[in-house]
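Q: With the sequence up front, the predicted model follows.
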Amino acid sequence: MKRVLTVLLLMMFCLSFVVANGSQEVAVSDEITIVVMPKLVGIPYFNASETGAIQAGKDLGINVIYTGPTTPDAAEQVRMLEDLISKGVDAICVAPNDAAAMTPVLMKAKKAGIAVLDWDTPADASVVDLSIHQIDDREYGEHIWDLLVQEMGDTGDYAIVTGGLSAANLNTWIDAGLAYAKKQYPGLNLVTGKVPTDEKQQVAYQKTLDLIKAYPNLKGVVGVSTPAPLGAAQAVQEKGMKDSIAVVGTSLPTDSGPYLADESLRVGTLWDPAKLGYLTVVMAYNFLNGEKPQDGQEIANVGKISVWADGRTVIMGPPADFTKENYASFSF
Amino acid sequence: MKSGVKKLIVSKEGILFCIFLFVFFLMSLLSPGRFLSWYNLQSMAYQLPEFGILALSMMIVIVTGGINLSLTYTATLSMIVGGMVMANISAAGGNGILAVLAGIVIMIGMASLCGVFNGFVVAYIGVTPMLATLGAMTLFEGISLNITKGGAISGFPFEFLMIGSGTVLGIPIPMILFILIIVGTWLFLERSKMGMSIYMIGCNPKVALYSGVRVKRIIFQTYLIASVLAAIAGVLMASRYNSAKESYGSSYLLQAVAASVLGGTNISGGEGKIAGTVIAVMILQVISSGLNIFGLNRYLTNVVMGGILIVVLTINFLTEKRSK
Amino acid sequence: MNIKSLKIKELPILLILLLLSLIITIANPTFLTVENFLDILKSNLVLAMMALGMLMVLLTGGIDVSVASIIAAVTVITGQSLIHFSSNIFVTILVACLSGTLMGLVNGLLIAKLKIPPIVATLGTMSVILGLVLYLTNGAWITGIPDSFIEFGRITLFSFELVDGRTIGFPVQVLFLIPVIFLTWFILKKTVIGRGIYAIGGNLESAERMGFKADRILIFVYSFEGFLIGLAAVVHTSIMRQVDPNAFLGFEMQVIAAVVLGGASVLGGFGSVLGTVIGVSLFCVINNGLILMHIPVFWQKIVVGLIIIGSISIDMIQKQRVEKNKIRVDVE
């Protein structure tokens, strides 16, 4: 019985090679397939961009695959990209967990004749055909600090709670903001290094509680990464200190509604991730058709984009700020 | 002859191999022309070794009755330290091959330090392996972060990248390394005197002690060897990703435990074959790549992997029960 | 005699806890305020409740790495039930505990009936449960929890006014923890099941020979753990007021570490409720102290790792010394 089974399996194994070789042509279909890979799947931010990317696929009549690792691990991302190159696609748009780690696999993709784009977080500039940014990273960092000063004043103690110590884009914004504050707002005093919160609201909540006690003169908290401002706002709210401590940060307006409503979160600032997903797919599609992005070009459902002098860095536009008054009018 | 074949098929490894064939066939059917393309087979041959070596490293520790949760952070800490040296030599205009050699030596040296630390705490102080290595995991991650400040170490010489992407006679270099390590660990674990002692310790450390095995020393050495294996996986990862960062491969940790156990290693020690672990690694690789090419939702892939783990162990249980 | 040896077992780890608290207090007296104590309590209730369930599992010689996935699933179910079914607190508790118990029961059946080693069975259920949760929710947060439930979560007991005019008090969620501590203690110390749990962990075969039904006890232990996770999910939701399916990624290791820090053996048979409570406290105090002591972020993980290894090593060396003395007494 067992032996029969083994023989059967071995036959199936051999058969699979035959089947595979026979159907080789099937792999080459004329439909355009664009892969959009986020840093990880299953978090609100990247879910929102998924809806945008899929919608763009529908509007353009092309096949969009939105897939990514379940943990923000560069190794897992590289493996998935390698598999997708095997699958045979036309364009790969990736939000790298780590720019350097992607370089070899993206070069492989290029060799295989696949268009390579990055989105959300830049990859190695020498291997990408186009780079889709939601925002100018430096301006965004400066904008966050402007909001902080607007809410807490330009002197006093403040702290930063961030998603993780090794998240490249969060670090870029924080570094830009810190450099700007040093020049522009010398009265601001950062009490301790950016505090990591594991991309979790409850950790941001605990850490902020500790920060409030460790630094009694705290006047402001900057939350970078989407759950961080919420945890910080919750801590401030529960301590009854929302009047003396100003929380600002990068949060999604729908999730942060309850905290914006009572002003424990003063201002949130972010772009619409769905638009970013949409823009990425449109740009990839245009690129495959030989169209280059133009500065000031109007993209349907997204708006006017700007393009840097290098001709391949696309900026979607300024972020939206959410406050008590206007958060309900946003849908992401 | 007939009974020999039967024995082989009924053995855990035999069942596993049948499952491998079945999964391979299934994936070929799911994505005809793509899964079985030369390109994909080669790409899987590049992916498999780093995870496979980590799984073997985890396995030999599990056979002693321990576990090593600091495994992936040992690999990344050593690749960060070694990578820094390599990048610095390279940036100073030093000879590429020399830089690579220095880097690799330092990576293995750093991993040995990690292994000595774990081995000392587990074997000589007697701390439960799970807690000792959990503490070490946090510690190594902390040291890595302290060195990199959250960034990645890059700027390796060109020669280093060849390790992860080159081929010899059409066979990827990582695969060749992996095969050498399979043979090496097999000789070590299943054919050497020390390997015998490891199995004895895993079965019952007290009995091992009374039969003259130097239990503490052997456990210490096992953690050391496992860490060196982790460093080799680290070399492959650093080379394939052209950089070093503390979080690389963190998803491999629990997968390595799963692969060992799927391969028939007894989690409480004393039992397990290299062949089983290797086949289990192959099964996980084929499922992961196959379902990814097929385009299944990534979360459902996790569900499938978890399901297979449970099903295989249930089959093992049932066959063992029947043979009794 | 028995009581005496018990005291000795938990003494070293208790001393470490006190010593650590002393050091933190010297560095920052805020540590020793009622407010800080209440903050620590509130943000670690979930950890404590899950740790007590894990204690029982470890005592049988098992382990459960699926706890984080189970609580993620239960919080999602709880959130949906609160919004779409009933905002009644008792109904919510019932729903949560029922679903938690069911998932624990599956683990128990796999382990007791199919004899799959606990770590493997729970590794399997971990991927299956978490995979399904994230597939079904796509990681989206559940917001819009009914106000009545949020208000319930805000109740404080024995409130009093601070010098600066703010009011603080025991969070209502403590009402969940205290009975859980008592119940776990009662089961372990005063019931036949409890004796069975220790006996199984000591030696499965001799326990069965003594007449304990190992199957039933194992199924009970894993189901009970699921039940506690259900309660913890209610507590978590009432504190966080929204549900993030990703909130517990990696949490299983913290739970296990806290229990083992408290002196429980992963090989089974050793461990107590008191030890676990001390272990959890030690864990919380380390985390709380990091910011209060103004330890730079890039040193925090190093400090945590060293404290874990250091304290357990001291504990171990102490135990070995006691063992040696005992042997000497025996020989004499």
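A: In hand now; what should we look at? Residues are numbered from 1 along each chain as shown, chains lettered A, B, ... in the order given.

Q: Can you give me the neighbour number for residue A:243?
A: Residue A:243: 9 surrounding residues under other Cβ atoms under 10 Å in any protein chain shown. Any C-beta I mention is one placed from the backbone N, CA and C, and that applies to glycine too.

Q: which residues does it contact?
A: By Cβ atoms under 8 Å, 6 or more residues apart in numbering or on different chains, no residues touch residue A:243.

Q: Find the residue at the geometric middle of chain A.
A: Residue closest to the mean C-alpha point of chain A, counted by Cα atoms, centre = their mean, is residue A:120 at 4.5 Å.

Q: wait, doesn't it sit right on residue A:49?
A: Yes - using Cβ atoms under 8 Å, residue A:120 is in contact with residue A:49, at 7.4 Å.

Q: what's the overlap in contacts for these two?
A: Residues touching both residue A:120 and residue A:49 (Cβ under 8 Å, 6+ apart) are A:38, A:276.

Q: looking at chain A, which helix or strand is least sure?
A: helix A:2-22 (a mean of 54; mean pLDDT, DSSP states H and E).

Q: Could you give the average pLDDT over stretch A:284-293?
A: Averaged over stretch A:284-293, pLDDT sits at 92.

Q: And it, how far out from the chain middle?
A: Centroid separation for stretch A:284-293 versus its chain: 22 Å, with Cα atoms, centre = their mean, to the nearest Å.

Q: Give me the neighbour count for whichever residue of the stretch 1-150 of chain C sits closest to chain A.
A: With Cβ to the nearest Cβ as the measure, residue C:139 is the residue of the stretch 1-150 of chain C nearest to chain A, at 3.2 Å. By other Cβ under 10 Å, the residues close to residue C:139 number 21.

Q: what do you get for residue C:9?
A: 18.

Q: who are the neighbours in contact with the nearest residue to residue A:67 once chain neighbours are set aside?
A: When the adjacent residues along the chain are set aside, residue A:67 lies closest to residue B:298, with 5.9 Å between them (Cβ to Cβ, 6 or more residues apart in numbering or on different chains). Neighbour list for residue B:298: A:41, A:67, A:68, A:69, A:70, B:292 [criterion: Cβ under 8 Å, 6+ apart].

Q: roughly how far apart are the third one and residue A:127?
A: Counting by Cβ to Cβ, to the nearest Å, the gap from residue A:68 to residue A:127 is 19 Å.

Q: what bits of the chain have low per-residue confidence?
A: As the question left the chain open, I've gone with chain A. By pLDDT under 70, the weakly predicted segments of chain A are A:1-30.

Q: please go with chain C instead
A: For chain C, the stretches flagged by pLDDT under 70 are C:1-8, C:327-332.

Q: circling back to that earlier point, more crowded one of residue A:68 and residue A:127?
A: More neighbours surround residue A:68 than the other of residue A:68 and residue A:127, with 24 against 18 (other Cβ under 10 Å).

Q: Make sure the residue of the stretch 1-150 of chain C closest to chain A is indeed in a helix.
A: No - remark: residue C:139 does not belong to a helix; assigned using DSSP: H, G, I helix; E, B strand; the rest coil, it is coil.

Q: where's it relative to residue A:54, distance?
A: From residue C:139 across to residue A:54, the span is 16 Å (Cβ to Cβ).

Q: cool, residue A:293 as well?
A: Computed as Cβ to Cβ, the residue A:293 to residue A:54 distance reads 22 Å.

Q: And these two? Which one has more around it.
A: Taking other Cβ under 10 Å, residue A:293 and residue A:54 do not tie; residue A:293 has more neighbours (21 against 18).

Q: Over to that one: give its phi and psi.
A: Dihedral angles of residue A:293 (phi, psi; degrees, to the nearest 10) stand at phi -70, psi 140.

Q: can you check residue A:222 too?
A: Residue torsions, per degrees, to the nearest 10, at residue A:222 are phi -100, psi 120.

Q: That one: what's it in contact with?
A: A:144, A:145, A:148, A:158, A:159, A:160, A:161, A:177, A:248, A:249.

Q: Just grab the bridge partners of it for me.
A: residue A:160, residue A:248 (DSSP bridges).

Q: What would stretch A:203-214 look like as CSV? C-alpha coordinates only.
A: In CSV, the C-alpha atoms belonging to stretch A:203-214 read as follows (Å, rounded to 0.1, in the frame of the first residue of the first chain):
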residue,chain,number,x,y,z
VAL,A,203,3.4,50.4,24.1
ALA,A,204,3.2,54.1,23.1
TYR,A,205,0.7,54.5,25.9
GLN,A,206,2.9,53.0,28.6
LYS,A,207,6.0,54.8,27.4
THR,A,208,4.2,58.1,27.4
LEU,A,209,3.0,57.5,30.9
ASP,A,210,6.6,56.9,32.0
LEU,A,211,7.8,60.0,30.1
ILE,A,212,5.3,62.2,31.8
LYS,A,213,6.5,61.1,35.2
ALA,A,214,10.2,61.1,34.3
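
Q: returning to what we had before: and the contacts of residue A:222 as JSON lines, adding neighbour count?
A: As requested, these are arranged in JSON lines below (neighbours: other Cβ atoms under 10 Å in any protein chain shown):
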{"residue": "A:144", "neighbour count": "25"}
{"residue": "A:145", "neighbour count": "24"}
{"residue": "A:148", "neighbour count": "27"}
{"residue": "A:158", "neighbour count": "26"}
{"residue": "A:159", "neighbour count": "26"}
{"residue": "A:160", "neighbour count": "26"}
{"residue": "A:161", "neighbour count": "27"}
{"residue": "A:177", "neighbour count": "22"}
{"residue": "A:248", "neighbour count": "29"}
{"residue": "A:249", "neighbour count": "31"}
